[in-house]
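*Asks:* Here is my input; please provide its structure:
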Amino acid sequence: MSFAAFAGHKYLNLETFKKSGHGVKTPVWFAADPASDLASDAARVYAYTTGDSGKVKRIRNNGSVRIAPCDMRGNLLGEWVDARAEIVTGREAAYADRLLNKKYVPWKQLLNFFASFRRRGRIGFVIRPAGIEAGKKSQ
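*Replies:* Below is the predicted model of the structure:
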């Protein structure tokens, strides 16, 4: 199944895996990269979280994830898709942040404002179809 099922949705349910193999599911905001076709193996979607979250720790340990379209409470609206997640930095993280800011106006800007008072940083990550190796950029 391709990432095309995520078109038009506001949330995806992200399942990351602990070292024990136990899955942890969390609904998150995401933005599709308009430069990639969601129906292709080059699809990319971006999400973010606080730097000290369990998601970040689990993604750093194991980039294999599953995603499914969902509502804000995590109730599934589609099928699970195997994927790979990777922490992004620098220009790619800034690009991801711009996409998310555009999709979630004004809510993301409000969260950014309140987050500026906290010491925890924000971490962006890219999610690609499972067949794409971490770090590989599509043409």
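
*Asks:* for the residue lying closest to Asp97 once chain neighbours are set aside, what are its contacts?
*Replies:* Distances taken as CB to CB, 6 or more residues apart in numbering place Gly124 nearest to Asp97, at 6.3 Å, with adjacent residues excluded. For the C-beta atoms, the positions are set from N, CA and C on the backbone; glycine is no exception. Gly124 makes contacts with 46-48, 87-89, 92-93, 96-97, as judged by CB atoms under 8 Å, 6 or more residues apart in numbering.

*Asks:* and the residue nearest in space to the middle of the chain, what is it in contact with?
*Replies:* Computing the C-alpha centroid of the chain and ranking residues by CA atoms, centre = their mean puts Ala47 first, at 3.2 Å. Contact analysis of Ala47 by CB under 8 Å, 6+ apart lists 12, 14, 28-31, 96, 100, 124-125, 127.

*Asks:* So which of the residues you listed are in helices?
*Replies:* If you go by DSSP state H, the contacts of Ala47 have 96, 100 in helices.

*Asks:* got TSV for the contacts of Ala47, with distance to Arg66 and pLDDT too?
*Replies:* Converted to TSV, those look like this (distance: CB to CB, whole Å; pLDDT from 0 to 100):
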residue	distance to Arg66	pLDDT
Leu12	10	95
Leu14	8	98
Val28	13	94
Trp29	17	91
Phe30	14	95
Ala31	19	94
Ala96	20	92
Leu100	21	91
Gly124	19	91
Phe125	14	95
Ile127	10	97
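
*Asks:* thinking again about what came up before, just the buried ones from the contacts of Gly124?
*Replies:* Listed as buried from these are 46-48, 87-88, 92-93, 96-97; burial here means 16 or more other CB atoms under 10 Å.
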